[in-house]
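Asks: coords below, sequence missing:
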């Protein structure tokens, strides 16, 4: 298994990418191609112990910045690290790409270089969120902002296959994120998608609400990329705010400080539960290849875990299963005409 | 100041409504009209100490249930508690309505009985959320699900006036909730609203992201009622999940339990910060009168605080200020024609 890591993408590139890649290579025995400025990557790699690990560097002269538009990323920077990484997958030299760069650009480059899977009109970025029971797959969290009903139906299918393959759910329960559970709720988009999914062979439970992301009621939550991105960032922002307010309240009380020290292992276990770095990356679904998108601010542990998740996706044949499912289907009408 | 309380609305009606109303009457000296089944309300009221308080009962024979549709609430149940309550405001016998009933129905009945403010095409439900600095007004959280750009512009104006009047902000900073800060982000709706707000005289900062709800970057966050409702319920669900996971982690460790006891005052202060009951109700904006919508599951403290917020809204003349602002404006084009 070979993973191409965009070494130049994140806010702290290439140091954290190199550290995360080395950790992943040691932990899972994966082969790594670090893609980026050879000199800078080599300098970081020299700081690490890499004996016995299969890590090589593929030079790329350009970097996509956080301010570059997706179309510039596709059209102008032809030797960008993320593009070279996807080309390694296209050419059969790597099985997956992991990038902590500009996620819109990563998505566009991934789609442009690897092409969409037939039957999927728009790609989606999925994410795994912790809930009170285990985990929920949420998609789309930012791939496709303006969606048609058929796109949500396709996201549901991709979410099902991802939850089966990577979370080991046998028959994932699927819901569409809405403003209430009743059939009369929803907006124009979700009401139409609701009808499509009711008629599908998926294990569709109907509309779910915001709180159902965290109570384990469903395994897959489907929404458009605009709503999903907001939900993701609201969740991260609130988790940060809660921990900051709690720290402040504890910090201003002497006995509470002692109490905090005694609680620390519990806090650490808790943080691990809700920490996005534990889940590493968000898979880019719907393209002919495996791509993991990480936070720009990822630490090396998040990069390592994203490489682990990429490895798992490839091993579980997520894309193959999706393609098999789509081409087994009797319905050959392009989904765009249905929506 | 007279507040009409829908005594039959919530999940634990009429007991919590009566308790909350008595507490509010004692705390702020407001007069209360409890609207609902006279016998049941009287029975609850008999359990309370009410000497010296101005509390009376207005009988209403029907109740809108959580399953009743908004149109049934408006057309069929003509003697429902929430309708009688709004009629008290329409007839000048009360200044505001507080209800923990079916929020869609409350909104529809409020709009039908009190009518919209001229210049506001769609009502919005606003909510006050705690952030790391102070508070953020978020609207719409469920009033109008499918919005046009002009509706979001009107929500921004209502949010500004609410933040000025009730939170005491002199020049509230306003943002549209989006999937990124750059002008190129947003969906079709928010990109158009973004242009409208850029050309307005509001203190518009541009697109904000999910995490900006909690970091105090803006005072008013504008979104459509579909997105806002999801955001609200995601926040509530996550806060619950975090506290449940934390309790579980602490509960399984002996030293952490002792630590927890020492931390307890800090936890209590923290809970008070993030507890929606502290904020009581969500104002229904855009109608010719003051209405506060509470959670169906509200405890008496939430009802009390909602009555306090209603009192504050009336005292601060939120609606009058809105009407003055709208009719001062030079632009008389109906907003629907602009969007």
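Replies: Looks like it arrived, so ask away. The model shown is predicted, which means the values in this text are computed figures rather than measured ones. Numbering: from 1, shown residues only, chains lettered A, B, ... in the order given.
Asks: Would you confirm that residue A:118 contacts residue A:327?
Replies: Yes: assessed by CB atoms under 8 Å, residue A:118 is found in contact with residue A:327 at 7.3 Å. (Each C-beta comes from the backbone N, C-alpha and C, glycine too.)
Asks: what about the helices in the stretch 151-300 of chain A?
Replies: For the stretch 151-300 of chain A, helices defined by DSSP state H, counting those that start in this stretch occupy the ranges A:188-198, A:225-251, A:254-274, A:276-279, A:300-315.
Asks: Contact partners for residue A:108?
Replies: A:70, A:71, A:73, A:74 (CB atoms under 8 Å, 6 or more residues apart in numbering or on different chains).
Asks: tell me which element the closest residue to the first one other than its chain neighbours falls in.
Replies: Excluding the flanking residues, the one nearest residue A:70 by CB to CB, 6 or more residues apart in numbering or on different chains is residue A:108, at 3.7 Å. Assigned by DSSP states H and E, residue A:108 belongs to helix A:103-114.
Asks: average pLDDT across that helix?
Replies: Per-residue pLDDT values across helix A:103-114 average out to 93.
Asks: Can you tell me the centre-most residue of chain A?
Replies: Central residue of chain A (CA atoms, centre = their mean): residue A:282, 0.7 Å from the mean position.
Asks: From residue A:70, how far off is that residue?
Replies: Plainly put, residue A:282 is 16 Å away from residue A:70 if you go by CB to CB, to the nearest Å.
Asks: again, but for residue A:48
Replies: For residue A:48, the distance to residue A:70 - CB to CB - is 33 Å.
Asks: pretty sure the residue nearest to the centre of chain A contacts residue A:126?
Replies: Yes: the criterion here is CB under 8 Å, and residue A:282 meets it with residue A:126 at 6.0 Å.
Asks: Between these two, which contacts overlap?
Replies: Joint contacts of residue A:282 and residue A:126 (CB under 8 Å, 6+ apart) are residue A:141.
Asks: re earlier: among the contacts of residue A:108, which lie within helices?
Replies: Assigned to helices by DSSP state H, the following of the contacts of residue A:108 qualify: A:70, A:71, A:73, A:74.
Asks: Filter the residues you listed down to the buried ones, PyMOL style.
Replies: To isolate the buried ones among the ones in helices among the contacts of residue A:108 in PyMOL, judged by 16 or more other CB atoms under 10 Å in any protein chain shown, type:
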select buried, chain A and resi 70+73+74
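Asks: Could you point out which of the ones in helices among the contacts of residue A:108 is nearest to residue B:292?
Replies: Proximity of these to residue B:292 (CB to CB) peaks at residue A:70, which lies at 44.0 Å.
Asks: pretty sure that closest one is touching residue A:110, no?
Replies: No: look at residue A:70 against residue A:110 with CB under 8 Å: they stay out of range, at 10.6 Å.
Asks: what would the contacts of residue A:108 look like in CSV with pLDDT?
Replies: Shown next, in CSV, are the contacts of residue A:108 (pLDDT from 0 to 100):
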residue, pLDDT
A:70, 85
A:71, 86
A:73, 89
A:74, 90
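Asks: Average pLDDT for stretch A:83-99, rounded please.
Replies: 98.
Asks: Any buried residues in that stretch, and which?
Replies: Buried-residue list, stretch A:83-99, by 16+ other CB under 10 Å: A:83-89, A:94-99.
Asks: Just flag the most distant two among these.
Replies: Maximum distance among these (CB to CB): 17.3 Å, for A:83 and A:95.
Asks: dump the residue contacts of the residue nearest to the centre of chain A.
Replies: Per CB under 8 Å, 6+ apart, neighbours of residue A:282: A:125, A:126, A:127, A:128, A:141, A:292, A:293, A:294.
Asks: again with residue A:61
Replies: Taking CB under 8 Å, 6+ apart, we find residue A:61 in contact with A:37, A:79.
Asks: quick one: which of the contacts of residue A:108 is nearest chain B?
Replies: Looking at these and their distance to chain B, the nearest is residue A:70, at 8.8 Å (CB to the nearest CB).
Asks: Contact residues of the stretch 51-200 of chain A facing chain B?
Replies: Selection of the stretch 51-200 of chain A residues close to chain B by CB under 8 Å from any CB of the partner chain yields A:67, A:69, A:130-132, A:142, A:145-146, A:177-180, A:182, A:184-188, A:190.
Asks: go with 7 Å
Replies: Within reach of chain B by CB under 7 Å from any CB of the partner chain, the stretch 51-200 of chain A has these residues: A:69, A:131, A:132, A:142, A:145, A:146, A:177, A:179, A:184, A:187, A:188.
Asks: any idea how far the second one lies from residue A:167?
Replies: It stands for residue A:131. According to CB to CB, residue A:131 and residue A:167 sit 11 Å apart.
Asks: same check, this time on the fifth one
Replies: Between residue A:145 and residue A:167 the computed distance is 26 Å (CB to CB).
Asks: Neighbour count for the two, which is higher?
Replies: residue A:145 (23 against 17; other CB atoms under 10 Å in any protein chain shown).
Asks: Would you mind confirming that the more buried one makes contact with residue A:226?
Replies: Yes: look at residue A:145 against residue A:226 with CB atoms under 7 Å: they come within range, at 4.6 Å.
Asks: joint contacts of those two?
Replies: B:179, B:187 (CB atoms under 7 Å, 6 or more residues apart in numbering or on different chains).
Asks: lowest average confidence, helix or strand, in chain A?
Replies: The least trusted helix or strand in chain A, going by mean pLDDT, DSSP states H and E, turns out to be helix A:335-338, with a mean of 49.
Asks: now the helix or strand harbouring residue A:324 and helix A:103-114, what's the angle there?
Replies: Using DSSP H and E, residue A:324 sits within helix A:318-328. Between the axes of helix A:318-328 and helix A:103-114, defined by axes from the mean of the first three to the mean of the last three CA atoms, to 10 degrees, the angle is 60 degrees.
Asks: Show me what counts as buried in helix A:318-328.
Replies: A:318, A:319, A:322, A:323, A:326.
Asks: Distance check, residue A:124 against chain B.
Replies: For residue A:124, the distance to chain B equals 13 Å [CB to the nearest CB, to the nearest Å].
Asks: If you could redo that for residue A:314, that was the one I meant.
Replies: 28 Å.
Asks: residue contacts, that residue?
Replies: Contacts for residue A:314 (CB under 7 Å, 6+ apart) come out as A:1, A:95, A:96, A:290.
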